[in-house]
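Trainee: Following is a predicted model, sequence given first.
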There are 2 protein chains.
Amino acid sequence: MFITLTSPLDMHLHLRDGAMLQTVAPLSAETFAGAIVMPNLVPPIETEEALLSYKERILKASNSETFTPYMTLFFKPTYTKEFLESLKDELTAIKLYPAGITTNSEGGLSGFDVEELRPTLTAMSELNIPLCVHGETNGFVMDREAEFSSIYEMLASNFPKLKIIMEHITTKESVALLDKFENLYATITLHHLLITLDDVAGGMLQPHLFCKPIAKRPEDRAALLKVALEGHPKVMFGSDSAPHPQHAKEACGCAAGVFTAPIALQVLTELFMKHSSVQKLQAFVSDNAQKIYTNITVPKTTITLDERAFVVPDKYGEVVPMYAGETLKYSIVI
Amino acid sequence: MFITLTSPLDMHLHLRDGAMLQTVAPLSAETFAGAIVMPNLVPPIETEEALLSYKERILKASNSETFTPYMTLFFKPTYTKEFLESLKDELTAIKLYPAGITTNSEGGLSGFDVEELRPTLTAMSELNIPLCVHGETNGFVMDREAEFSSIYEMLASNFPKLKIIMEHITTKESVALLDKFENLYATITLHHLLITLDDVAGGMLQPHLFCKPIAKRPEDRAALLKVALEGHPKVMFGSDSAPHPQHAKEACGCAAGVFTAPIALQVLTELFMKHSSVQKLQAFVSDNAQKIYTNITVPKTTITLDERAFVVPDKYGEVVPMYAGETLKYSIVI
């Protein structure tokens, strides 16, 4: 049996810059029609110039005629409506980071004052620019996302016309919010559908599965899997694929991030097949996103997978992927 | 101000064997009067011959006229009363591991059938040999110890005269059990008084703080700290100091264990001073243990600490200690 997906999208992707960009951009471009590209470079993407030049570098590195990087800015409450309007054709979304919460987020928000945020968020809702949020407090690691619920609620109720994407959700609390507020949406990663804290720290410590937000409890994974497999219309695939060189992952004080871009569609196919839900895969990896992000143009591509063993490389360049060296059930048909 | 402790005891210690034993035994012997030595070697200590010869190697490696290793067997339900009685002078306790739950525990128990355990546990209570237990199920990593509560309750109620030591407890549930059953006691490590999962996986991943049981939630640490600082008579210090060579800790798939033996008394002094509880330190590091383990003879030693900076070495041999390279407030007076 062949599975053919139309225009798969990765709605949360880290491509980094420089040599790493050269390594990873072609790997996403090979299978995905487009991707929301995160702006947490050093320094973060905060100006038109930085955004356009990063887009140029991505297009060049991705070496694809179709792959479309959907560009984002690093949220600042000082962005004016005029500024955002002038960027409208090039800007797909704005990513909000609480300060210091993850890789290169030092310049993020250190408080959530509605009135301080109002001008920018109102402008975004008027311009149909979604707000992508890394939703974690600086509390205890297993509680950070659930504790952020009240901030999601505050944002959703104060800005009812703003599309708010809860990025890489990992908890049943976040899943529950989807049905509570019309304007809350979510991305879910591949790895959070598959692992719990047990896989990171239950046996030996596994740095290549260490990420932020950290994988949570079995009941959290079950809640995520349920909405993904049923093709819940407010849920989109976003890999949060985050490459770090091997030495930064295996060192003492390992960096957060799981690299999944080149294996995501193969593993998702296996997962959805296993749960007799493959008929919902198209919604999860593309259709839902196109209905939520009405401001994107999606290239028409197709990608076909068949049930044929795929041995995951030990490394892509200097980056160790999830399932390195293991055999997956599905392969991309080239 | 000087703090002088009499006959400090480490009631849960891993000394390993071979070259590692040569490195770590003198470090414990330098400050502790004695220690309960864990039997999870490869193969585990299960015979008189293995026990006596391991004791001999420890005494030789420790290079101390006073340091007393209190020897333990790896629990087997096949130990007879005759066997245990013949070993009584050399055997201090027996350590029970659920199968596969931690380092070198593959030969542990795979089920808890009271009747299967009855002959050995009855013999132990008659011979006044405490049972030390690694209390974790094979469930979700944050729940393993709390889930084990029912097994502690089963053991405590079926063998009311057996002294059962809940080793290296990490949860408020285990603390609560202390007051529920007269014959349940506990050891607490240094690191579980200080860290939570946040320190292991809340920022960057910290392999040198990865241990089993894993550090839990802030409210769990608070419960442990409370009974330690108040010198709760059923609670003893047991470092669970567990050396692994640096390469095994920092590799992908890092081994579990925190190495604290050479810094434990310095850090405990600082911690108890900070909480105005130094008057309870003697109980925690020695007196309680002597009242619980009525089958040990404790060498009379003293160790004095003063408020003078101690820079922790980056490594002892190939082993990276907790607080490597950091400056502690108290030093041992030599």
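Mentor: The structure has been received and is ready for your questions.
Trainee: how close does the residue nearest to A:Ala19 when sequence neighbours are not counted get to chain B?
Mentor: Among residues not flanking A:Ala19 along the chain, A:Gly317 sits closest, at 7.9 Å (C-beta to C-beta, 6 or more residues apart in numbering or on different chains). C-beta coordinates here come from the backbone N, C-alpha and C atoms, glycine included. Distance, A:Gly317 to chain B, using C-beta to the nearest C-beta, to the nearest Å: 17 Å.
Trainee: Number of residues surrounding the residue of the stretch 51-200 of chain A found nearest chain B?
Mentor: Nearest residue of the stretch 51-200 of chain A to chain B: A:Val141, at 4.0 Å (C-beta to the nearest C-beta). When neighbours are counted by other C-beta atoms under 10 Å in any protein chain shown, A:Val141 registers 22.
Trainee: what does the one 3 residues further on give?
Mentor: A:Arg144 has 22 neighbouring residues, counting by other C-beta under 10 Å.
Trainee: how about it, what does it touch?
Mentor: For A:Arg144, the contact set (C-beta atoms under 8 Å, 6 or more residues apart in numbering or on different chains) comprises A:Ile101, A:Glu136, A:Thr137, A:Asn138, A:Pro213.
Trainee: Pull the number of nearby residues for A:Thr171.
Mentor: The tally of other residues near A:Thr171 (other C-beta under 10 Å) stands at 26.
Trainee: hang on, the earlier thing: before we move on, what SS does the residue of the stretch 51-200 of chain A closest to chain B have?
Mentor: At A:Val141 the chain is in coil, as set by DSSP: H, G, I helix; E, B strand; the rest coil.
Trainee: in the stretch 1-150 of chain A, which spans are strands?
Mentor: Applying DSSP state E, counting those that start in this stretch to the stretch 1-150 of chain A gives strands spanning A:2-6, A:9-13, A:34-37, A:68-74, A:91-96, A:131-133.
Trainee: got JSON lines for the ones you listed, with mean neighbour count too?
Mentor: Below are the strands of the stretch 1-150 of chain A laid out as JSON lines (neighbours: other C-beta atoms under 10 Å in any protein chain shown):
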{"stretch": "strand A:2-6", "mean neighbour count": "15"}
{"stretch": "strand A:9-13", "mean neighbour count": "29"}
{"stretch": "strand A:34-37", "mean neighbour count": "27"}
{"stretch": "strand A:68-74", "mean neighbour count": "23"}
{"stretch": "strand A:91-96", "mean neighbour count": "24"}
{"stretch": "strand A:131-133", "mean neighbour count": "24"}
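Trainee: Let's have those strands in TSV, adding mean pLDDT and distance to chain B.
Mentor: Putting these into TSV (pLDDT from 0 to 100; distance: least, C-beta to the nearest C-beta, whole Å) gives the following:
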stretch	mean pLDDT	distance to chain B
strand A:2-6	97	32
strand A:9-13	98	21
strand A:34-37	98	24
strand A:68-74	98	21
strand A:91-96	98	21
strand A:131-133	98	20
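Trainee: Which among those is found nearest to B:Leu59?
Mentor: Nearest to B:Leu59 among the strands of the stretch 1-150 of chain A is strand A:9-13 (59.1 Å), distances taken as C-beta to C-beta.
Trainee: and the angle for the closest one with strand A:91-96?
Mentor: Put simply, strand A:9-13 runs at 40 degrees to strand A:91-96, going by axes from the mean of the first three to the mean of the last three C-alpha atoms, to 10 degrees.
Trainee: Tell me how many other residues crowd A:Leu59.
Mentor: Other residues lying near A:Leu59 total 15 when counted by other C-beta under 10 Å.
Trainee: I figured it hits A:Thr66, correct?
Mentor: No: with contacts defined as C-beta atoms under 8 Å, A:Leu59 does not count as touching A:Thr66, sitting 10.9 Å away.
Trainee: picking that back up, for the residue of the stretch 51-200 of chain A closest to chain B, list the residues it contacts.
Mentor: Residues counted as contacts of A:Val141 (C-beta under 8 Å, 6+ apart) are A:Ile214, B:Leu197, B:Asp198, B:Ala201, B:Gly202.
Trainee: Farthest-apart pair in the residues you listed, please.
Mentor: Pairwise distances across those peak at 10.2 Å for A:Ile214 and B:Asp198 (criterion: C-beta to C-beta).
Trainee: Turn the strands of the stretch 1-150 of chain A into JSON lines, including distance to B:Asn288.
Mentor: Shown next, in JSON lines, are those (distance: least, C-beta to C-beta, whole Å):
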{"stretch": "strand A:2-6", "distance to B:Asn288": "64"}
{"stretch": "strand A:9-13", "distance to B:Asn288": "52"}
{"stretch": "strand A:34-37", "distance to B:Asn288": "58"}
{"stretch": "strand A:68-74", "distance to B:Asn288": "55"}
{"stretch": "strand A:91-96", "distance to B:Asn288": "51"}
{"stretch": "strand A:131-133", "distance to B:Asn288": "50"}
